[in-house]
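Novice: This is a predicted model, with the sequence first.
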Amino acid sequence: MSRLPDVMTTRGRSLLAAGIALVACGVLLGYVDLTRLGVLLVALPALSALLTRRHPLDLIVERRIVPSRIQIDEVADVTLTIENGSSRTSPLMLAEEQVDYALGDRPRFVLPRMSRGEARTLHYRVRSHARGRHRLGPLAVRVKDPFELTTRATTLSGGDEVIVLPRAVPLGGGPPASGTGGEGEVPHMAALHGEDDIAIREFRDGDDLRRIHWPSTARTGEMMVRQEDRPARRRAIVLLDTSSDVHAGTGTAGSFEWAVTAAASVCAHLIEHGYAVHLVTPDTAAVSSEPVTLVTALDVLAVMAPTDPDRFDEALRASAQLSDSGGIVVAIIGELDESRAFGLLSSRTAGATGMALIIDRDSYRHQPSGATRTRPDILAMDLLAAGWTATPVRSGTSVAEAWQQLRTGAGVRR
């Protein structure tokens with residue numbers, strides 16, 4: 001149980017000090033009435049403390065977040081249901097929901113008295129300008145006596161979280177020119193000599209009668225149908241360099257947040273055009289063999305954080321293995337050293353298409369190099385010579401602009 005000085009407010013401490021002074025003066029000067037008044041002032045904070053402690057704060061809190069996954073600057077509605085689990089009526093309380101700083105100000109409420117089993121429903125909204133997994137709760141409640149001489153505070157256990165997804169910027173234009181690789185079954189190709197070369201199989205229960213191939217049926221005497229294989233899906237590997245040493249700047253204006261937004265936008269663009277997308281980062285290298293849905297990609301990118309530079313080699317190896325069967329490699333990278341640049345070149349096989357967005361770290365530090373060609377320019381030229389398309393990305397360039405420069409080759413200083 002808290003000590004009396006710990007639960008007293010500034011008003012209560014002032015009243016207690018005044019009471020002690022009056023008692024001392026009354027005793028020293030022989031004024032009985034003054035002593036009685038001092039005793040009253042000393043006793044009042046003690047009685048107030050007992051009044052605030054006599055109610056057990058046995059509250060049950062439930063949260064409902066709709067939706068639990070939101071985009072940056074979108075709003076989520078939070079419903080708090082607070083039930084009195086005590087056998088006694090709860091006092092009038094002040095409640096404050098503790099939320100992450102990125103979600104804005106902490107919501108505050110006044111909870112009226114609640115009888116046993118009674119519940120109250122409260123509503124508030126949250127919005128964030130920063131992606132990530134943000135905490136909601138726990139709920140802190142505070143009880144004051146009618147004179148506000150003492151206060152009692154407690155924090156109710158439990159909480160929830162809302163996931164703020166990165167933006168997926170529309171990139172515009174059609175899909176990039178793909179390599180020869182695919183994902184899944186390769187379809188049978190209809191020959192140029194006529195319908196006889198179309199894949200035919202025996203009729204099975206449940207087959208559509210409109211797919212019956214009558215010439216083959218007449219020739220074999222068995223019911224035959226045209227085979228309709230599932231079309232192949234083109235493969236795309238989105239390689240994101242999250243190494244801490246290749247990024248600069250802080251917050252939403254930093255290069256790391258730009259790279260995450262670019263990765264989300266490229267994934268959305270390629271998935272929209274029917275690609276089987278593999279998101280490869282140091283954190284996802286071990287599981288990148290399976291293509292991701294847009295929901296999964298955004299969930300992964302929502303909590304992405306800078307990683308140790310040595311771990312990028314894992315992502316390069318995973319990207320090289322995936323590109324063995326062709327497809328598209330879209331690399332969002334920083335200024336690579338010679339060995340990693342060679343590893344990036346090796347991650348694109350002869351049947352794959354390579355595209356690279358190269359972060360110019362110095363531009364995000366607002367430190368212009370003054371050179372005719374920067375290190376990202378040199379790396380872009382090396383990639384171009386190796387059959388890639390590449391463009392440096394400087395501070396102030398939007399994701400859509402960088403993508404357009406990448407498609408047209410307009411961003412390289414020659």
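Specialist: That came through, no problem.

Novice: since we're on the closest residue to Ser243 other than its chain neighbours, how many residues are nearby?
Specialist: Nearest non-adjacent residue to Ser243, counting by C-beta to C-beta, 6 or more residues apart in numbering: Pro309, 4.1 Å away. Heads up, the C-betas are built off the backbone N, CA and C, glycines and all. Neighbour count of Pro309, defined by other C-beta atoms under 10 Å: 17.

Novice: Please list all residues in contact with Pro309.
Specialist: Listed by C-beta atoms under 8 Å, 6 or more residues apart in numbering, the contact set of Pro309 reads 243-246.

Novice: one more time with 10 Å, if that's ok
Specialist: 241-246, 282, 334, 337, 340 (C-beta atoms under 10 Å, 6 or more residues apart in numbering).

Novice: Let me know the closest of those residues to Ala76.
Specialist: Thr242 (26.6 Å; C-beta to C-beta).

Novice: Model confidence at Arg414, what's the number?
Specialist: At Arg414, the model reports a pLDDT of 54.

Novice: Check which helices and strands the helix or strand containing Leu41 is in contact with.
Specialist: Secondary structure from DSSP states H and E places Leu41 in helix 32-53. If you count contacts as 3 or more C-beta pairs under 10 Å, 6 or more residues apart in numbering; DSSP states H and E, helix 32-53 packs onto helix 4-7, helix 10-29, strand 132-144, strand 151-156.

Novice: could you list every residue that touches the most centrally placed residue in the chain?
Specialist: For the chain, the residue nearest the mean C-alpha position is Ala302 (2.2 Å; C-alpha atoms, centre = their mean). Contact partners of Ala302, counting by C-beta under 10 Å, 6+ apart, are 69, 71-72, 131-134, 163-166, 260, 264.

Novice: rerun at 8 Å
Specialist: Ala302 makes contact with 131-133, 163-166, according to C-beta under 8 Å, 6+ apart.

Novice: And those, which is closest to Ala352?
Specialist: The closest of the contacts of Ala302 to Ala352 turns out to be Pro166 (C-beta to C-beta; 25.9 Å).

Novice: neighbours of that closest one, just the number please.
Specialist: For Pro166, the count of nearby residues is 23 (other C-beta under 10 Å).

Novice: For Val66, see how far away it is.
Specialist: Counting by C-beta to C-beta, to the nearest Å, the gap between Pro166 and Val66 amounts to 21 Å.

Novice: So which residues of the stretch 101-250 of the chain form helices?
Specialist: 214-220 (DSSP state H, counting those that start in this stretch).

Novice: need the strands for it, in chain order.
Specialist: Shown for the stretch 101-250 of the chain, the strands assigned by DSSP state E, counting those that start in this stretch span residues 108-111, 119-127, 132-144, 151-156, 160-165, 200-202, 224-226, 235-240.

Novice: Any chance of CSV for those strands, columns mean neighbour count?
Specialist: Shown next, in CSV, are the strands of the stretch 101-250 of the chain (neighbours: other C-beta atoms under 10 Å):
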stretch, mean neighbour count
strand 108-111, 14
strand 119-127, 15
strand 132-144, 19
strand 151-156, 16
strand 160-165, 20
strand 200-202, 13
strand 224-226, 19
strand 235-240, 29
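
Novice: can I get those in JSON lines with mean pLDDT?
Specialist: Shown next, in JSON lines, are the strands of the stretch 101-250 of the chain (pLDDT from 0 to 100):
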{"stretch": "strand 108-111", "mean pLDDT": "93"}
{"stretch": "strand 119-127", "mean pLDDT": "95"}
{"stretch": "strand 132-144", "mean pLDDT": "92"}
{"stretch": "strand 151-156", "mean pLDDT": "86"}
{"stretch": "strand 160-165", "mean pLDDT": "95"}
{"stretch": "strand 200-202", "mean pLDDT": "79"}
{"stretch": "strand 224-226", "mean pLDDT": "80"}
{"stretch": "strand 235-240", "mean pLDDT": "94"}
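
Novice: Wait, a strand at Thr391?
Specialist: Yes. Looking at Thr391 with DSSP: H, G, I helix; E, B strand; the rest coil, it is inside a strand.

Novice: Neighbours of it, how many?
Specialist: Neighbour tally, Thr391, other C-beta under 10 Å: 27.

Novice: With that, I have no additional questions.
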